[in-house]
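Peer 1: quick one: sequence plus predicted model below, questions after.
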Amino acid sequence: MSRTKTVLACFLAGLLLLAIIVCAGAWYWSERPVAMADARIDYLVEPGSSPRQVARTLKASGMDLQEDAFVAMARILGQDTQIKAGAYEAEKGDSPRMLLDRMTAGDMRQSRLALIEGWTYQRIRQVLRDSPDVEQTLDDVDDDAILERLGADADAAEGLFYPDTYVFTPGTTDFDLLRRAYVAQNDVLEQAWEERDKDLPLRSAYDALILASIVEKETGHAQDRAKIAGVFMNRLRINMALQTDPTVIYGMGEAYQGRLRKKDLQQDTPWNTYTRPGLPPTPIASVSRASLDAVLHPESHDYLYFVSRGDGTSEFSTSLAAHNRAVSKFILGRNKQ
């Protein structure tokens, strides 16, 4: 009997030792850095992926991972049903446990997309199309349908999307990013309009957005924004045509080849502010908060004209005669050099 107890005790001790060795080996494996083909590896976990499918994805992405061990680790830790779908980034030095923890926490790789002030809506759409991290869902959707989905009251998409840097998870759709930029623009415009100066010759926040887009394209020197906005306000108050080249260029579309001619200024389009009084029907570009603030808090002065000096700044004039002299000096003189 005593011998049987001794054998049993030795057997149990052996099992315990084996369990300790297995646990130690499992812990060592789970905490040891995974061998990787590259210093950084991007990979995508599809919705509904099991731990085994995830392990296969990791191996296919260039990680030397033991599939069965990964599955067992996920089950033992109770994380086998907590893995979140999305785009992830593995770095050299990551262990299997670190990879699993990152996926169960949903700590996904982040991408950035910059929308720049002064860009047209078409350029914004092209940037979205060119981003490899953006899921394309709008290729066959026209602008009217997009505006309807956004709940927009405007008849055109131009100027409705706020220029900013947007951080997003790869796989985010083009519509989701447009929606974020649309909501941001609405929020900025609503706040700015509420804080506007009184007695401005603008009927609505949308009018402010239109004029701010013109200021955005006309300003080469940030400090001139409010002064340029003041010129346009002075013109609107006396029903004087805005006569601004960027609106003409916008109305020309693809016909514009980098140079405005006299006949272009005379060619009527809804955006030609030489042939039509008042504001054009839509914005002509995306608008920064700075340009919007300049329009809603314009500088008070008597200037009716301005012309580029060629260094980004502008020369301002109160009379046509003074303006013509400035044009002769800064435009015609420069062209002769």
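Peer 2: Sure, I can see it.
Peer 1: what segments of the stretch 151-300 of the chain are strands?
Peer 2: Under the criterion DSSP state E, counting those that start in this stretch, the stretch 151-300 of the chain contains strands at 165-168.
Peer 1: list the residues that contact the spatially closest residue to residue 177 that is not a sequence neighbour.
Peer 2: Nearest residue to residue 177, sequence neighbours excluded (C-beta to C-beta, 6 or more residues apart in numbering): residue 166, at 5.9 Å. Placement of C-beta: from N, CA and C, glycine included. Residues in contact with residue 166 (C-beta atoms under 8 Å, 6 or more residues apart in numbering) are 112, 113, 114, 115, 177, 180, 181.
Peer 1: which element is the first one on?
Peer 2: In this case it means residue 112. Taking DSSP states H and E as the definition, residue 112 sits inside strand 111-114.
Peer 1: give the pairing partners of that strand; include direction for each.
Peer 2: strand 165-168 (antiparallel) (DSSP bridges).
Peer 1: how far does the partner strand sit from the chain's center?
Peer 2: Centroid separation for strand 165-168 versus its chain: 5 Å, with C-alpha atoms, centre = their mean, to the nearest Å.
Peer 1: same deal with stretch 76-85?
Peer 2: Remark: stretch 76-85 is offset 32 Å from the chain centroid, using C-alpha atoms, centre = their mean.
Peer 1: same question for that stretch: list its buried residues.
Peer 2: 79, 80, 83, 85 (16 or more other C-beta atoms under 10 Å).
Peer 1: likewise stretch 275-292?
Peer 2: Those would be 275-276, 279-280, 282-289, 291-292, for stretch 275-292 by 16+ other C-beta under 10 Å.
Peer 1: now, the most widely separated pair of the residues you listed?
Peer 2: Farthest pair in the buried residues of stretch 275-292 (C-beta to C-beta) is 275 and 289. Separation: 31.2 Å.
Peer 1: need the pLDDT of residue 15.
Peer 2: pLDDT, residue 15: 59.
Peer 1: got it, and residue 109?
Peer 2: At residue 109, the pLDDT value in this model is 85.
Peer 1: do the same with residue 42
Peer 2: Confidence for residue 42, expressed as pLDDT, is 87.
Peer 1: and residue 30, by the same measure?
Peer 2: Looking at residue 30, its pLDDT reads 81.
Peer 1: please name the bridge partners of residue 135.
Peer 2: With DSSP bridges as the criterion, residue 135 is bridged to residue 173.
Peer 1: ok, so what distance separates it from residue 102?
Peer 2: In this view, residue 135 and residue 102 are 22 Å apart by C-beta to C-beta, to the nearest Å.
Peer 1: neighbour count: those two, which is higher?
Peer 2: residue 102 (18 against 15; other C-beta atoms under 10 Å).
Peer 1: how about that one, nearest residue that isn't a chain neighbour?
Peer 2: Nearest one to residue 102, counting by C-beta to C-beta, 6+ apart, is residue 88 at 6.3 Å.
Peer 1: pretty sure the one you found is in a strand, no?
Peer 2: Yes: checked against DSSP: H, G, I helix; E, B strand; the rest coil, residue 88 lies within a strand.
Peer 1: report how many residues lie close to it.
Peer 2: By other C-beta under 10 Å, the residues close to residue 88 number 24.
Peer 1: now the contacts of residue 166: which count as buried?
Peer 2: For those, a burial check counting by 16+ other C-beta under 10 Å picks out 113, 115, 177, 180, 181.
Peer 1: ok, and the closest non-adjacent residue to residue 242?
Peer 2: Nearest residue to residue 242, sequence neighbours excluded (C-beta to C-beta, 6+ apart): residue 273, at 4.0 Å.
Peer 1: you'd agree that neighbour is up against residue 246?
Peer 2: No: if you go by C-beta atoms under 8 Å, residue 273 and residue 246 don't touch, sitting 9.0 Å apart.
Peer 1: where does the stretch 201-337 of the chain dip in pLDDT?
Peer 2: 333-337 (pLDDT under 70).
Peer 1: 50 instead, please
Peer 2: Applying pLDDT under 50 to the stretch 201-337 of the chain picks out residues 335-337.
Peer 1: for the residue nearest to residue 242, give its distance to residue 244.
Peer 2: For residue 273, the distance to residue 244 - C-beta to C-beta - is 5 Å.
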